[in-house]
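> Pasting the sequence and the predicted model now:
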Amino acid sequence: MKETILVVDDEPDIREVVREILEDEDFSVLTAESAEDARQFKSSRQLDLVLLDIWMPGTDGISLLKEWSESNELDAPVIMISGHGNVETAVEAIRYGAYDFLEKPLSTAKLLVTVARALQSDRLRKENLRLRSRLEATSTIVGDSEQLQELREKIARIASTDSWVLITGEPGSGKEVAARSLHDQSPRREAEFVDVSLAAIPSQAVPVQLFGTEENGVVWPGRFEQAKGGTLFLDEIGDLDLDTQAKLLSALEESRFLRVGGQQYVDVDVRIIAATNQDLGKAVSEGRFREDLYYRLNVVPIHVPPLRTHVEDVPQLVDYYLNWLVEKERLPYHRFTTGALNVLRNYRWPGNVRELKNLIQRLLILIRGEEVDAKDVEAALGNVRATATRQFPESVFDMNLREAREQFEKSYLEYHLQRVGGNVSVLAQFAGMERTHLYRKLKTFGIDPKTVKNA
């Protein structure tokens, strides 16, 4: 698949020469004559590299680079080019995240070497992130309760098949853990496990995310192609609108699909695992979910039980996440006393295992002594209740579900952003979100991380 390079320069001759050189090397090349055009390409295209001129009318290249850097949109390497460069300008460009700096007139050999190195460096960076993500994501179902033993046995039985699976369970109960466990025990385990949180994607953007796009011969692959040979995990499948449900059903039945704007079919070679916390049977009867898609997905159903029904597993879960957080997050180790564990076993856990993990993380960060005792846990749980009561007045319950969810998301992000001192990277890791998506959320809610850092 061709890599896409955007050339941004106000001189038509430069754009044309660079385009011809790169196309001769089998790259797909887009050109822009201004910062405004570059912004549009950046927001609507999947770019692999940007060649950016410094001196342009209107917004100059350094200002545009700074803008992308500060808004966390440097998701592709940027090579700066200039006919009037100096050491100070080059240093400034590198400081804002540029990969390298080239001077005009451009040497073809140096241009191609720099482009090749930048792309190779970015491939290694993305591969490291992918491997780190695989290492950090857990597929371990922790606990010896009868319910979890049955869950593990069921996953082991169906892992060797290629049947589609529908996983149900409350939010935070561990549906993704079950999906990853199934993938890791399947014949597809050496290929990708690609997870898509459908609830976090605007409905109009879901087809592009799933199937990719194709325009003027330029292809941007979607999640189906990324998961080729592996597993595609569709989380919160119940949030799909009916039009997208129809497209998904067609792709599954025909084992092929068209990219958005495409003319050639792409073969489907993935195992589908879907998950939901909704009653899809009820959604079918209410006309919100297609009956044919429901039965297609629900070949093998798996239910992940809520934590309150197997609280005997709490001590093992505490031990597992305690060691996991100490190893992965480099948090200090604190022993949980018997009294602390008893308090945790007697809590109802409305947020399930996810809430337990977050509580353990909070205690490891805040507690100064060597032990976490019952009073520490009671205080932490009390703060959770007090925060929820303070941030969600009765007026929230007069809103529709979408407005109430937005209110919760805003309060959640404000609370945890304050807790981590405005560090967006830490918040993204804690909340399980990509930083780019988190920045968009913060901007939507009018939350400025800088004000928290400076508070």
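That came through, no problem.
> which residues does E312 contact?
Listed by Cβ atoms under 8 Å, 6 or more residues apart in numbering, the contact set of E312 reads 143-145, 345. Where C-beta positions appear, they are placed from N, C-alpha and C, glycine not excepted.
> and these, which two are the farthest apart?
D144 and R345 (14.3 Å; Cβ to Cβ).
> For these two, indicate the residue with more neighbours.
R345 (14 against 11; other Cβ atoms under 10 Å).
> The more buried one: what's it in contact with?
By Cβ under 8 Å, 6+ apart, the residues touching R345 are 311-312, 314-315.
> again, only this time at 10 Å
311-315, 318 (Cβ atoms under 10 Å, 6 or more residues apart in numbering).
> and the residues you listed, which two are the farthest apart?
Every pair in those was compared (Cβ to Cβ); the two farthest apart turn out to be E312 and V318, at 12.2 Å.
> Let me see the domain layout of this protein.
Domain assignment of the chain by automatic domain parsing yields the ranges 4-133, 146-305, 308-453.
> After the strand or helix carrying E176, which helix or strand is next?
With the criterion set as DSSP states H and E, the secondary-structure element containing E176 is helix 175-184. For helix 175-184, the succeeding helix or strand toward the C-terminus, using DSSP H and E, is strand 193-197.
> For that following strand, which strands pair with it and how are they oriented?
Strand 193-197 pairs in its sheet with strand 231-235 (parallel), by DSSP bridges.
> Can you name every helix or strand that the very next helix or strand once past the strand it pairs with contacts?
Under the assignment DSSP H and E, the closest C-terminal helix or strand after strand 231-235 is helix 242-254. If you count contacts as 3 or more Cβ pairs under 10 Å, 6 or more residues apart in numbering; DSSP states H and E, helix 242-254 packs onto helix 206-211, strand 256-258, strand 265-267, strand 271-276, helix 291-297.
> Next, the angle helix 175-184 makes with the fourth one.
When axes from the mean of the first three to the mean of the last three Cα atoms, to 10 degrees is applied, the directions of strand 271-276 and helix 175-184 differ by 170 degrees.
> Just give me how far strand 271-276 sits from the chain centre.
Taking Cα atoms, centre = their mean, to the nearest Å, one finds the center of strand 271-276 at 17 Å from the center of the full chain.
> In PDB, list the C-alpha atoms belonging to that strand.
Below are the C-alpha coordinates for strand 271-276, written out as PDB (Å, rounded to 0.1, in the frame of the first residue of the first chain):
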ATOM      1  CA  ARG A 271     -13.000 -13.000  13.400                       C
ATOM      2  CA  ILE A 272     -15.700 -10.800  14.800                       C
ATOM      3  CA  ILE A 273     -16.100 -10.400  18.500                       C
ATOM      4  CA  ALA A 274     -18.800  -7.900  19.500                       C
ATOM      5  CA  ALA A 275     -19.700  -6.600  23.000                       C
ATOM      6  CA  THR A 276     -22.500  -4.700  24.500                       C
END
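> winner for burial among the helices and strands packed on helix 242-254?
Highest mean neighbour count among the helices and strands packed on helix 242-254 (mean count of other Cβ atoms under 10 Å): strand 271-276, with a mean of 25.
> which other helices and strands contact that strand?
Of the remaining helices and strands, those touching strand 271-276 by 3+ Cβ pairs under 10 Å, 6+ apart are strand 165-168, helix 175-184, strand 193-197, strand 231-235, helix 242-254, helix 291-297, strand 300-303.
> between those, which gets nearest to L341?
For the helices and strands packed on strand 271-276, the distance to L341 is smallest for helix 175-184, at 21.5 Å, taking Cβ to Cβ.
> and that closest one, what's its mean pLDDT?
The average pLDDT for helix 175-184 rounds to 94.
> export it as CSV, just CAs?
What follows is the C-alpha trace of helix 175-184 in CSV, where atoms were taken according to Å, rounded to 0.1, in the frame of the first residue of the first chain:
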residue,chain,number,x,y,z
LYS,A,175,-15.7,-7.7,28.4
GLU,A,176,-12.6,-6.6,26.6
VAL,A,177,-10.5,-8.9,28.8
ALA,A,178,-12.7,-11.8,27.8
ALA,A,179,-12.3,-10.9,24.1
ARG,A,180,-8.5,-10.7,24.4
SER,A,181,-8.4,-14.0,26.2
LEU,A,182,-10.4,-15.6,23.4
HIS,A,183,-8.1,-14.1,20.8
ASP,A,184,-5.0,-15.2,22.6
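> which SS class is the nearest residue to L47 once chain neighbours are set aside?
Taking Cβ to Cβ, 6 or more residues apart in numbering, and ignoring the residues beside it in sequence, L47 has A76 as its nearest neighbour in space, at 4.6 Å. Using DSSP: H, G, I helix; E, B strand; the rest coil, the secondary structure recorded for A76 is coil.
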